[in-house]
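Enquirer: Show me how the following folds:
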Amino acid sequence: MVWLAAATVVINGFFPAAWILLTSLKTETELLKVPITVWPEDASLANYETAFTAQPILRFMWNSLVVATLSTVLCVLVGALAA
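Expert: Here you go, the predicted model:
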């Protein structure tokens with residue numbers, strides 16, 4: 001039972017990440033295709049190129065890193081002083 005529960009947790013955690021990765025490699029027409037396909041017929045990295053060129057995503061990632069770092073430092077500092 002423990003192994004079954006562990007397998008269920010792993011599958012529930014892994015499936016969405018795998019689905020997102022496989023979907024990101026599909027073209028727009030393939031995304032709208034009925035019935036839905038799991039594997040991309042013609043894998044393409046064009047979606048990643050668009051993501052990195054249409055918006056300043058590297059700037060967004062930097063901002064997220066700064067906010068996460070500062071909030072972590074602040075939480076550790078407050079927690080240490082409260083202890």
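Enquirer: Please, which helix or strand holds Trp39?
Expert: Secondary structure assigned from DSSP states H and E places Trp39 in neither a helix nor a strand.
Enquirer: Could you pull up phi and psi at it?
Expert: Backbone geometry at Trp39, expressed as degrees, to the nearest 10, gives phi -90, psi 140.
Enquirer: residue contacts, it?
Expert: Residues in contact with Trp39 (Cβ atoms under 8 Å, 6 or more residues apart in numbering) are Leu22. Any C-beta I mention is one placed from the backbone N, CA and C, and that applies to glycine too.
Enquirer: Give me the pLDDT for it.
Expert: As summarised for this prediction, Trp39 has a pLDDT of 91.
Enquirer: Helices along this structure, start to end?
Expert: For the chain, the helices defined by DSSP state H cover 2-24, 28-31, 46-54, 57-82.
Enquirer: I'd like those helices as JSON lines, with mean neighbour count and distance to Pro40 appended.
Expert: Putting these into JSON lines (neighbours: other Cβ atoms under 10 Å; distance: least, Cβ to Cβ, whole Å) gives the following:
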{"stretch": "helix 2-24", "mean neighbour count": "10", "distance to Pro40": "6"}
{"stretch": "helix 28-31", "mean neighbour count": "12", "distance to Pro40": "6"}
{"stretch": "helix 46-54", "mean neighbour count": "11", "distance to Pro40": "10"}
{"stretch": "helix 57-82", "mean neighbour count": "10", "distance to Pro40": "22"}
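Enquirer: of all those, which lies closest to Val38?
Expert: Of all the helices of the chain, helix 2-24 sits nearest to Val38, with 6.5 Å by Cβ to Cβ.
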